[in-house]
Each structure stands twice: as C-alpha cells, then as structure tokens.
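[1] got a predicted structure here, sequence first:
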Amino acid sequence: MSRFKAGAVHAVQRCADVINAASRGDGALTEALHASGEDVTDLTTEQARHLRDSATALRAIAAAGSLTEACELLNTVLAGCRAPRLTAHEGTTPWHLHIDSDDAEWGEWFLASSAMALAITITETQQPPLGICQGTDCDNVFATHSPGRTRRYCSPTCSTRARVAAHRSRVTRAPSINASGQYI
Ligand SMILES: [Zn+2]
C-alpha cells in the first residue's frame, strides 16, 4: 500500500473514531485524538466545540443516503477548506498535501484532513467511505473498509445483537396471511 493510501485509510478511521467520541464528551475527544497518534493533551472548551462542529458536518456525510449525496456534502466541506498546498513541516515529514491553515486549530485540521482522506478514499473505491451502524440503540459511525467490520454494523457486537434480535422476532412472530393468501 502506498504511503498516500495508507495515510488516507488511517485518517478515515480516525475520522470515524473522533465523530463517535464527539458524542461522549470532551475527555473522549482528547482520548480519540491521542489514540490516533496526535500529540494532544487537553482541549480548551472552544477547541472541543469546534471539533464537535466538524464532527457534525462529517457525520452528515456518513449518514448520506447515496454516494452522490455523500460527494455533494463532501464538496461543500471541501469548498470551505484552504487551497491545496504541499508541506514537509520544515523537513520533519515527507511532502504531503494540506488543505487547512498553517496555524489551524484542532477543529479545522480535523475537518480538512478528514475531508481530504474521504475524497481520496472515494476516488479509490467509488463507495461511501463511512457508514452509520444499523444496530438497535447504536448510531456509531464506522469506516466501511475497516478490517473485521461489516458494511452495516460498527462492531461484531452490534452485528451479533441484530442477528439474535432478528432470529427472536422470526421465532416469536405468528405467521399471518396477506391479501394474496401468502404467509408473511
Ligand atoms: Zn453499533
């Protein structure tokens, strides 16, 4: 896998993790960023609020009903980002693209780096890169290409729970007959 593609895969996963953390409070946001390798200690209230705004915009892309809708929402986000520029962060990293400001706060950086990774992933796969878990009482966002995850659920836990619930409803539901005389 190229460094470019590996970076996008990592950023899409981080995007999902931070969106999910945003609904669990500021401490969870810090933890999610830290777990993805970012050097963050404590977020100010303002930084956390900006990150949650970015997470809301990105969650809408995950909730899109089609690839076209996801791309249109993503285009709106990209239109709000800076013009692309190459940087090596003064020789400390390989050259790569940025579409945020030099002095971007966490919220701007998160939105811009996620948007670019989502755009790269869509170009590569022609699939929505994020989904929302179909599990009962779960609205976690997941990266559709994460290993070990299915396309409909955020985790094996939600997938198993849904399978058990579907089985139970089949077992307990009394058969009924529709207008054409078929059992439904
Ligand atoms: Zn779930």
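    In hand now; what should we look at? Numbers count the residues shown, from 1 in each chain.
[2] which residues does the spatially closest residue to V40 that is not a sequence neighbour contact?
    Residue nearest to V40 in three dimensions, not counting chain neighbours: L33, with 4.6 Å by C-beta to C-beta, 6 or more residues apart in numbering. C-beta: built from backbone N, CA, C; applies to glycine. Residues near L33 by C-beta atoms under 8 Å, 6 or more residues apart in numbering: R14, V18, V40, W106.
[3] for those residues, which one is nearest the ion?
    Nearest to the ion among the contacts of L33, counting by C-beta to the ion, is V18 at 16.4 Å.
[4] state the mean pLDDT of the helix or strand hosting R161.
    Assessed by DSSP states H and E, R161 sits inside helix 156-172. The average pLDDT within helix 156-172 is 84.
[5] alpha carbons only: can I get it in PDB?
    Below are the C-alpha coordinates for helix 156-172, written out as PDB (Å, rounded to 0.1, in the frame of the first residue of the first chain):
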ATOM      1  CA  PRO A 156     -19.200  -7.600  15.800                       C
ATOM      2  CA  THR A 157     -21.200  -6.800  19.000                       C
ATOM      3  CA  CYS A 158     -23.800  -4.800  17.100                       C
ATOM      4  CA  SER A 159     -23.900  -7.300  14.300                       C
ATOM      5  CA  THR A 160     -24.400 -10.300  16.600                       C
ATOM      6  CA  ARG A 161     -27.100  -8.400  18.600                       C
ATOM      7  CA  ALA A 162     -29.000  -7.700  15.400                       C
ATOM      8  CA  ARG A 163     -28.800 -11.300  14.300                       C
ATOM      9  CA  VAL A 164     -30.100 -12.500  17.600                       C
ATOM     10  CA  ALA A 165     -32.900 -10.000  17.600                       C
ATOM     11  CA  ALA A 166     -33.900 -10.900  14.000                       C
ATOM     12  CA  HIS A 167     -33.900 -14.600  14.900                       C
ATOM     13  CA  ARG A 168     -36.100 -14.000  18.000                       C
ATOM     14  CA  SER A 169     -38.600 -12.000  16.000                       C
ATOM     15  CA  ARG A 170     -38.800 -14.800  13.400                       C
ATOM     16  CA  VAL A 171     -39.400 -17.400  16.200                       C
ATOM     17  CA  THR A 172     -41.900 -15.400  18.200                       C
END
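[6] give me the contact list for stretch 5-15.
    1, 32-33, 36, 58, 96, 110, 113-114, 116-118, 120-121, 124, 129-130, 141, 143, 145-146.
[7] also stretch 126-143?
    By C-beta under 8 Å, 6+ apart, stretch 126-143 touches 9, 12-13, 15-16, 19-20, 23, 58-59, 61-64, 66-67, 70, 117-118, 121-122, 144-145, 149, 151-155, 157-159, 161-162, 165.
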